[in-house]
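> With the input below, show me the fold.
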Amino acid sequence: LGYNSPLIVIDGVVGFDDMQRINPNDVESITVLKDASAAIYGAQAANGVILVTRKRGKIQKPTLTYTGNLTFTQPTRLPKLMSSSQYAQAENEYLQSAGQPKKWTDLDIKAWQDNTDPIGHPNTNWMEEVYKKWTPQYMNTLSLTGGTDNVRYYLSGQLTKEDANFKRNDGLAYKQRQFHAAIDFDVTKDLTMSVDLNTRVQDKQSSFFGSGNSQVQIFLQSPITPAYYPNGLEGPSQFGYNPVLLGTKVPGYTNTITGVNTIKGSFKWKLNKLLKGLYVDGFAASSKTSIDYKRFQKIWNVYSYDKSTDEYVPIRGGQESLNPNLQQQESKAGNTTYNIKLGYQQKFGKHSIDGFVAYEQNEGSGFNIAATRRDYTTDQIEQLFAGSSVGLTNNGSAYENARQNYFGRFNYGYNNKYYLNVTMRYDGSQNFPSSNRFGLFPSISAAWRISQEDFMKKVVFINDLKIRGSWGKMGNDAIPPFQYLQPINTD
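Numbering: from 1, shown residues only. A predicted model of the protein is given here:
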């Protein structure tokens, strides 16, 4: 199906947060399910499952922890480009092989080699002009954890900043701030309730053209074109796309602000009064994501040198036919998950039993609106109303999805040596027609912990050895929805 990403489950909830963006200092453990054990996640488990569990409070005195990271990054490798003299010699050789006269004289080549004429014979190393040797990244985290017999808490906040790797970036950077809270409180001896809160703001400020276009323009430029003149003005370069400007806000900008808010309420109720080892737990989780995107192109100038007048003549950068234009987009998405589970866990001598049956319902929806305006008379008013009504565009879309799941698991262990695990999931996805919407995803596994056998006690160099075999069925519903519907042509 062309989709090979694993399913990410954070704090027991699918799609609850972005694993790449959560604070790494908040992570308690990461577990990868890559065999039949992933079948418990049914139609979303074909590419494996990654389980992320964040830290929670413990019974201890309040502990305040600060973690600060300062990292310097650099490109792994930058291509080594020709110098101006090498470029001129190569061009002369090409012309001679084509039966044409040389373009550059020996005096020209010597002037480039000696770097004696920065205006008439510049020698530009575009990689060095555009990129920093080192780029700083900052991460600051503050956490507070503690608890009593009745209340336990873990709170953390994080500030992150990653600067752009352009020498001249006008403050372009990725900034992130987030807050995480996990609070557990015992209502009674048998009932525990928990609240998890997470909020994050991602502020990505980049140039209008982006790093990819800057890189392309570096390879299109010749070293005999100046990046800057001695007075600091920018040179003309190919088509006016001087790479030292493309990584700045001078020709425009692209700003993306993403807000993520999640909340999860959960409980666990021990029903020992009914049956020892019996319990019921569940949760309700909600996540909201908003994205504000704004991309504005400005008018900018580069300069050519007029030797006859000793003047620097401004030339419009980029394509002269392009006036300032604005693209603006807003997206919002929401996701809600409900989960209820009835479980039983008990030991009988050398035998241990652990199992549960559960129901889960997930619903999601979102929308997107976008608009563009062109031919602004000025680049000082960066709002939609200020653009021309000629050629304007607007668009929008919306979506909704849902999943319904019934699943369970049974574990049996004997004497900490022999294990049997059986799971079953009856998974329903709205991506399929109602007649074929549900699928059954079973799995079974068995393990033998050989290191617990008496004949292994004398093998001192092996602490833990287990042989495990498993079989399971997993699915993949990562397809566009509503393919089973017949589209209607309205033309």
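> what is the mean pLDDT for stretch 285-305?
If you average the pLDDT over stretch 285-305, you get 94.
> List the buried residues for that stretch?
Across stretch 285-305, burial judged by 16 or more other C-beta atoms under 10 Å covers 285-291, 293-300, 302-303, 305. Just so you know, the C-beta spots here come from the backbone N, C-alpha and C atoms, and that holds for glycine as well.
> Figure out how far that stretch is from the centre of its chain.
Taking C-alpha atoms, centre = their mean, to the nearest Å, one finds stretch 285-305 lying 18 Å from the centre of the chain it belongs to.
> After the lowest-mean-pLDDT helix or strand in the chain, which helix or strand is next?
Among the helices and strands of the chain, helix 210-220 carries the lowest confidence by mean pLDDT, DSSP states H and E, at a mean of 86. Using DSSP states H and E, the helix or strand that follows helix 210-220 towards the C-terminus is helix 243-246.
> for that following helix, packing partners?
helix 126-130, helix 210-220 (3 or more C-beta pairs under 8 Å, 6 or more residues apart in numbering; DSSP states H and E).
> can you do 10 Å?
On a contact count with 3 or more C-beta pairs under 10 Å, 6 or more residues apart in numbering; DSSP states H and E, helix 243-246 meets helix 126-130, helix 210-220, strand 301-306.
> Which elements pack onto the longest one?
Other helices and strands packing on helix 210-220, by 3+ C-beta pairs under 10 Å, 6+ apart, are helix 126-130, helix 243-246.
> okay, these, which one's buried deepest?
Most buried of the helices and strands packed on helix 210-220, by mean neighbour count (mean count of other C-beta atoms under 10 Å): helix 243-246, with a mean of 26.
> Grab the CA positions of that helix and hand them over as CSV.
Backbone C-alpha positions of helix 243-246 (Å, rounded to 0.1, in the frame of the first residue of the first chain) are rendered in CSV as follows:
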residue,chain,number,x,y,z
PRO,A,243,21.7,32.2,-2.5
VAL,A,244,22.9,34.4,0.4
LEU,A,245,19.5,36.1,0.3
LEU,A,246,17.3,33.1,-0.3
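> Name the nearest residue to residue 140, sequence neighbours excluded.
Using C-beta to C-beta, 6 or more residues apart in numbering and skipping residues adjacent in sequence, the residue nearest residue 140 is residue 159, 4.8 Å away.
> for this structure, which strand is longest?
strand 388-414 (DSSP state E).
> average pLDDT for it?
Rounded mean pLDDT across strand 388-414 is 94.
> tell me which residues in that strand are buried?
So for strand 388-414, counting by 16+ other C-beta under 10 Å, buried means 403-411, 413.
> ditto for stretch 449-465
By neighbour count on 16+ other C-beta under 10 Å, the buried set for stretch 449-465 is residue 449.
> which strands and helices sit next to the longest strand of the chain?
The contact analysis (3+ C-beta pairs under 10 Å, 6+ apart) places strand 388-414 against strand 325-348, strand 351-374, strand 418-429, strand 438-449.
> Looking at those, which one is packed in the most?
Highest mean neighbour count of these: strand 418-429, a mean of 19 (counted as mean count of other C-beta under 10 Å).
> what's the model's confidence in stretch 45-61, averaged?
Averaged across stretch 45-61, the pLDDT comes to 93.
> now the end-to-end length of that stretch.
In stretch 45-61, first residue to last residue: 41 Å (C-alpha to C-alpha, to the nearest Å).
> Check stretch 269-277 too.
Using C-alpha to C-alpha, the end-to-end distance of stretch 269-277 comes to 11 Å.
> now swap in stretch 310-322 and tell me
29 Å.
> In that stretch, which residues are buried?
Buried-residue list, stretch 310-322, by 16+ other C-beta under 10 Å: 312, 317-318.
> tell me the least confident of those?
residue 318 (80).
> And it, how close does it get to residue 241?
6 Å (C-beta to C-beta, to the nearest Å).
> what touches both of these two?
Common contact partners of residue 318 and residue 241 (C-beta atoms under 10 Å, 6 or more residues apart in numbering): 209, 251, 302.
> Which one of these is nearest to residue 337?
Residue 337 has its nearest neighbour among those in residue 209, at 40.0 Å by C-beta to C-beta.
> wouldn't the closest one be in contact with residue 254 here?
Yes - the criterion here is C-beta atoms under 10 Å, and residue 209 meets it with residue 254 at 8.6 Å.
> So for the two, which residue has more residues nearby?
Neighbour count, other C-beta atoms under 10 Å: between residue 209 and residue 254, residue 209 has more, with 22 against 19.
> Please convert the helices and strands packed on helix 210-220 to CSV, extending it with distance to residue 173 and mean pLDDT.
Shown next, in CSV, are the helices and strands packed on helix 210-220 (distance: least, C-beta to C-beta, whole Å; pLDDT from 0 to 100):
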stretch, distance to residue 173, mean pLDDT
helix 126-130, 17, 92
helix 243-246, 17, 91
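> List the contacts of the closest residue to residue 403 other than its chain neighbours.
Using C-beta to C-beta, 6+ apart and skipping the chain neighbours, the partner closest in space to residue 403 is residue 362 (4.4 Å). Neighbouring residues of residue 362 by C-beta under 10 Å, 6+ apart: 13-15, 285, 335-339, 401-405, 429-430.
> Can you check which of the helices and strands packed on helix 243-246 gets nearest to residue 227?
Smallest distance to residue 227 across these (C-beta to C-beta): 4.2 Å, for helix 126-130.
> could you say what helices and strands the closest one packs with?
Helix 126-130 packs on helix 210-220, helix 243-246, going by 3+ C-beta pairs under 10 Å, 6+ apart.
> Of these, flag the one that's most buried.
Of those, the one with the most neighbours on average (mean count of other C-beta under 10 Å) is helix 243-246, at a mean of 26.
> Run the chain-centre distance for the helix or strand that that one is followed by.
The element immediately downstream of helix 243-246 (helix or strand, assigned by DSSP H and E) is strand 252-270. In this view, strand 252-270 has its centroid 14 Å away from the chain centroid, taken as C-alpha atoms, centre = their mean.
> In CSV, list the C-alpha atoms belonging to whichever helix in the chain runs longest.
The residue-count maximum for a helix in the chain (DSSP state H) belongs to helix 84-97. Provided in CSV are the C-alpha atoms of helix 84-97 (Å, rounded to 0.1, in the frame of the first residue of the first chain):
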residue,chain,number,x,y,z
SER,A,84,37.0,31.1,-10.2
SER,A,85,40.3,30.3,-11.9
GLN,A,86,39.4,26.6,-12.3
TYR,A,87,36.0,27.6,-13.6
ALA,A,88,37.5,30.0,-16.2
GLN,A,89,40.1,27.4,-17.3
ALA,A,90,37.4,24.7,-17.7
GLU,A,91,35.2,27.1,-19.8
ASN,A,92,38.2,27.9,-22.0
GLU,A,93,38.9,24.2,-22.5
TYR,A,94,35.3,23.6,-23.4
LEU,A,95,35.3,26.4,-26.0
GLN,A,96,38.5,25.3,-27.5
SER,A,97,37.3,21.7,-27.8
